[in-house]
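Undergrad: pasting the sequence and the predicted coordinates here, then a few questions.
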Amino acid sequence: MPFAQIVIGPPGSGKSTYCHGCSQFFNAIGRHSQIVNMDPANDRLPYPCAVDIRDFITLEEIMQEQSLGPNGGLMYALESLDQSIDLFILQIKNLVMEERAYLVFDCPGQVELFTHHSALFHIYKRLEKELDLRFCVVNLIDCYYITSPSQYISILLLALRSMLMMDLPQVNVFSKIDMLKSYGPLPFKLDYYTDVQDLDYLLPHVEAEGTSVLGKNYSKLTATISEMVSDFNLVSFEVLAVDDKESMINLQSVVDKANGYIFGASEVGGDTVWAEATREGALREHYDIQERWIENKETYDKQEPERRQQLLKEKELQEKEVNVDEEDDEWESALKEWEEKQGADYVR
Ligand SMILES: Nc1nc2c(ncn2[C@@H]2O[C@H](COP(=O)(O)OP(=O)(O)OP(=O)(O)O)[C@@H](O)[C@H]2O)c(=O)[nH]1
């Protein structure tokens, strides 16, 4: 059974960097993966790409032929892919059936594609139906939006809308979390924002922001949106700094649960050790995001390798019961290799 991630998010939220990071990470843990570029405008891919939508259609051509601007051109390009969709699906089929690859789809940043435009949605639904692909949407949002209460509420609405529209398991992620501390103090702990706790506490901060000429009406609108998001009770967030192993491990274990990968795909992906550790819940221990990214960020940044050793020792003790000690060594050396590689490859 094939599995995949669909990586979405506003422009600049870190999608391509994340896809590149995924490819390196999966290599390190022994999972055979391939990346598919779904952005007809993206001609500078930082990762090796197995299937490129630009082989079927490019934004430049469409803009020229149809005299459209970049956004209209992109919508038109994805709609007109219908004509060559069979060939595109065949290429994806080869990856999942012949190569047995785990797929990562890097999508364009235009949010309307995930809130109300149906072109990409139809392509994924077809892949789901014809290839039995199990998807998880990974929705990256720049953590900068946490710093403004009104923008935070807007991105909650955006995340909720894409969850409802895509109709697939979705993991929302605050990306570039390593930058958050540098934006200044927050009125609440980081968990408040990731767990989307009682939004009523945030409303006085929205009023204090006073960014809108709409005044009281704006506050009322924000309060109504907050209430609606809370009523659905669907949105929450993980955090990610793409060159931080712990946050990558944490995120991938959440995604593996969301698309069902951990429930039986390890023999296909070739990463039995990882899947076993995720199933046991061994990888999500000791991860206090407030401490890691705000309170003691510098200490963690400096002492990361030592801390990791300590965590591994603790994990080893816990896992004596499940008897995966030998596999741990294998997993740890693969992670070390990945760590060495990422220093050279990641760009902040
Ligand atoms: N500090 C930090 N920077 C990051 C991280 N992830 C991505 N970036 C930077 O964010 C910028 C945008 O990243 P991209 O991967 O190009 O973002 P994108 O979402 O693919 O952008 P579009 O293709 O324009 O939609 C780049 O300069 C990345 O180096 C991260 O975890 N931490």
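TA: Thanks, I have it.

Undergrad: and the residue of the stretch 51-200 of the chain nearest the ligand?
TA: Closest residue of the stretch 51-200 of the chain to the ligand, CB to the nearest ligand atom: residue 109 (3.0 Å). Glycine gets a C-beta too; all of them are placed from N, C-alpha and C.

Undergrad: those residues of the stretch 1-150 of the chain touching the ligand, which are they?
TA: Contacts of the stretch 1-150 of the chain with the ligand, taken as CB under 6 Å from any ligand atom, map to 9, 11-17, 42, 109.

Undergrad: filter these to the buried ones?
TA: Buried by 16 or more other CB atoms under 10 Å: 9, 13-17, 42, 109, out of those.

Undergrad: ok so, going back, for the residue of the stretch 51-200 of the chain closest to the ligand, list the residues it contacts.
TA: Neighbouring residues of residue 109 by CB atoms under 8 Å, 6 or more residues apart in numbering: 9-13, 15, 39.

Undergrad: okay, these in a markdown table with pLDDT next?
TA: Shown next, in a markdown table, are the contacts of residue 109 (pLDDT from 0 to 100):
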| residue | pLDDT |
| --- | --- |
| 9 | 95 |
| 10 | 94 |
| 11 | 93 |
| 12 | 94 |
| 13 | 96 |
| 15 | 96 |
| 39 | 92 |
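
Undergrad: looking at the residues you listed, spot the one nearest residue 252.
TA: residue 15 (15.8 Å; CB to CB).

Undergrad: of the buried ones among the residues of the stretch 1-150 of the chain next to the ligand, just say which sits nearest to residue 251.
TA: Of these, the one sitting nearest to residue 251 (CB to CB) turns out to be residue 14, at 12.0 Å.

Undergrad: could I get the contacting residues of the closest one?
TA: Taking CB under 8 Å, 6+ apart as the definition, contacts of residue 14 comprise 140, 142, 175-176, 240, 242.

Undergrad: can we see that at 10 Å?
TA: Going by CB atoms under 10 Å, 6 or more residues apart in numbering, residue 14 touches 7, 21, 140-143, 173, 175-176, 240-242.

Undergrad: how about residue 259?
TA: 3-6, 102, 133-138, 168-169, 171, 265.
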